[in-house]
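# Fold the following and give me the result.
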Amino acid sequence: MKIKGENFPGKDLFTGLFGKEVYLVGGVVRDLIISGSIDSRKDIDLMVVGYEYSELEKVLKEHGKINTVGKSFAVIKFTKDKVTFDISVPRLDRKKDSGSSSHKNFIIESGKKVSLEEDLGRRDFSCNSIAIRLSDGSVFDPFNGTDAIKKKMIVMTGPETFSDDPLRLLRAARFSSVLGFEIEEDIYKVAKDVILEELSSERITEEFFRTLLESDTPSKGLMEYFRLTILEKLYPGIYRMALTIQDSIFHPEKDEFGHHTVFIHMLTALDIGKKLAGIKGLSEEEELALLLGIILHDIGKPVTTKWEFKRGRMTVTSIRHDSVGVGLAESLLDKLKIETRMKFPLRDMILKLIKNHHRIFDLYSNRAEIGFKAFSRLLRDMDGRDDLLILLDFADRQSREPEPLNFSDVDEISNWYYNRKEELKINEDTIRPILQGRDLIKLGISPGEEMGEYLKKLFELQLDGSFTTLEEGIVQFKKIKGVNGSK
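Reported below is the predicted structural model:
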């Protein structure tokens, strides 16, 4: 079998340097077989057979920029004409201790003594265990990966070594979600006994983020996390959402077996959030905040859900699940070491979304009574990012619709919020404190506890709409000072 006519990036350079023994390998081959093209924006994996790592490094450094950060895995990152390649020599990974699943528990053999087929055999899934010779497009597929791709199946390359790297379970879920493939039944059987606790939080989080960002339907990835026991082992708080029922009147969304659970509601809202992220052009950091906010917004329900007689019938309620959920989510985010990403306050934004996820609808429900005060406090509590809260609110409500993904933008409730906020002239400037410590120093107040109390009271008055300028603020300060006496 050959793949012909493809203009492989760097073909002339690499075949000129290494002849017939350079191969495309890994995900780039899988994607090429599926789509018929190579995305040069992604890293492209190449393997050079018959070379030692040191020989590969010596050749490549004469022809482009190299980075040897992957030296322990016999990989060189090579950049030429703004295209990046991960270039390796064949390798084998052997466990040091059969009882440990740590990614550090491997002896790596590489170079001339390892064959092409041995290298392909160490890989996770057959769809990733295919090589294409760069010089003529010949396909080497000893594990029937092309057949698995045609059947749209995730199949283990080597069942006997599959669980050596527990991360493969998370990767199976990601590939299933991103590619739209089904997972072979044998992987579910193996998954029950795979120990995930030795995985580092960094590897877990990176794989989780990739599933959310790369998939058009991240709910499929989360459902596979559920089926593969990943949720139960790594995310017990989310797992318990699958065991928690919701009131079928308020939450008609259900799975194929008729279960109205918090988990099914969340999965539905998650795909809505993913569609919204595309419509609104969110950055990766904003998208992660929104999607993780959706995943965790009801994490408090398993510990607050109970039956209650109201409205003439027994009803499932989850009072205060938002505030309870903040603490549970905080523990999970800390465990996964989720803090900032590209200077974006990811952790804090997720927690704010969880805490405030009911407030948009609450404002709408009480729209005849609320005004500047309620809007300004919400904007303050969201650090000016109420736009993300609006999207979460819409996803939360839209999930209950018969066709939840049948929308092109947010609805009338969201638009009411936008319009009312504009009418009230509330923006990030209105929630920025007008009076500063330097202003009070000019008015005779020294830095310290007393100044802090004045500034706090003045900011609350500002959020109430009692003043909008520095001059008006000084008038308010003098009133407060007069009430407080001669201080």
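# centroid residue for the protein?
residue 209 (3.2 Å; CA atoms, centre = their mean).
# name the helices or strands packed onto the helix ranked longest in the chain?
In terms of residue count, the longest helix belonging to the chain (DSSP state H) is helix 262-280. For helix 262-280, the packing partners by 3 or more CB pairs under 8 Å, 6 or more residues apart in numbering; DSSP states H and E come out as helix 218-227, helix 284-296, helix 386-398. Just so you know, the C-beta spots here come from the backbone N, C-alpha and C atoms, and that holds for glycine as well.
# Give me the residues contacting stretch 134-146.
1-6, 8, 11, 14-15, 19-20, 22-24, 30, 33, 46, 116-117, 120-121, 125-133, 155, 157 (CB atoms under 8 Å, 6 or more residues apart in numbering).
# which among those residues end up buried?
Listed as buried from these are 3, 8, 14-15, 22-24, 30, 33, 46, 116, 120, 125-133, 155, 157; burial here means 16 or more other CB atoms under 10 Å.
# What are the boundaries of the strands in this protein?
For the chain, applying DSSP state E gives strands covering 22-25, 44-48, 65-67, 75-80, 83-88, 91-95, 106-110, 131-133, 139-140, 153-154, 182-183, 306-310, 313-317.
# In CSV: the helices and strands packed on helix 262-280, plus mean pLDDT, mean neighbour count and distance to residue 88.
Shown next, in CSV, are the helices and strands packed on helix 262-280 (pLDDT from 0 to 100; neighbours: other CB atoms under 10 Å; distance: least, CB to CB, whole Å):
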stretch, mean pLDDT, mean neighbour count, distance to residue 88
helix 218-227, 98, 23, 28
helix 284-296, 98, 24, 27
helix 386-398, 98, 23, 40
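# Of all these, which one is nearest residue 263?
Residue 263 lies closest, by CB to CB, to one member of those: helix 218-227, at 7.3 Å.
# now for the closest one, which elements pack on it?
Counting by 3+ CB pairs under 8 Å, 6+ apart, helix 218-227 packs on helix 167-179, helix 201-214, helix 230-234, helix 262-280.
# The ones you listed: which one's closest to residue 358?
helix 262-280 (13.7 Å).
# For the closest one, list every residue counted as buried.
Residues of helix 262-280 classed as buried: 262-277, 280 (neighbour count, 16+ other CB under 10 Å).
# got it, and stretch 173-182?
173, 174, 175, 176, 177, 178, 179, 181.
# and that stretch, how far out from the chain's middle?
Relative to its parent chain, stretch 173-182 has a centroid offset of 15 Å by CA atoms, centre = their mean, to the nearest Å.
# Give me the contacts around that stretch.
Under CB under 8 Å, 6+ apart, the answer for stretch 173-182 is 34, 125, 127, 152-154, 183, 207, 210-211, 214-215, 217-218, 220-222, 224-225, 228, 230.
# returning to that earlier point: turn the helices and strands packed on helix 262-280 into a markdown table, columns for distance to residue 460.
Formatted as a markdown table, the helices and strands packed on helix 262-280 follow (distance: least, CB to CB, whole Å):
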| stretch | distance to residue 460 |
| --- | --- |
| helix 218-227 | 40 |
| helix 284-296 | 27 |
| helix 386-398 | 19 |
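# can you tell me which of those comes nearest to residue 474?
Nearest of the helices and strands packed on helix 262-280 (CB to CB): helix 386-398, 29.2 Å.
# so that closest one versus helix 284-296, what angle?
If you take axes from the mean of the first three to the mean of the last three CA atoms, to 10 degrees, helix 386-398 sits at 40 degrees to helix 284-296.
# gap between helix 386-398 and the chain center?
Centroid separation between helix 386-398 and its chain, computed with CA atoms, centre = their mean, is 17 Å.
# other SSEs contacting it?
For helix 386-398, the packing partners by 3+ CB pairs under 8 Å, 6+ apart come out as helix 262-280, helix 284-296, helix 346-355, helix 359-365, helix 372-381, helix 412-423.
# Dump those helices into a markdown table; add distance to residue 323 as well.
Below are the helices and strands packed on helix 386-398 laid out as a markdown table (distance: least, CB to CB, whole Å):
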| stretch | distance to residue 323 |
| --- | --- |
| helix 262-280 | 16 |
| helix 284-296 | 13 |
| helix 346-355 | 7 |
| helix 359-365 | 12 |
| helix 372-381 | 13 |
| helix 412-423 | 22 |
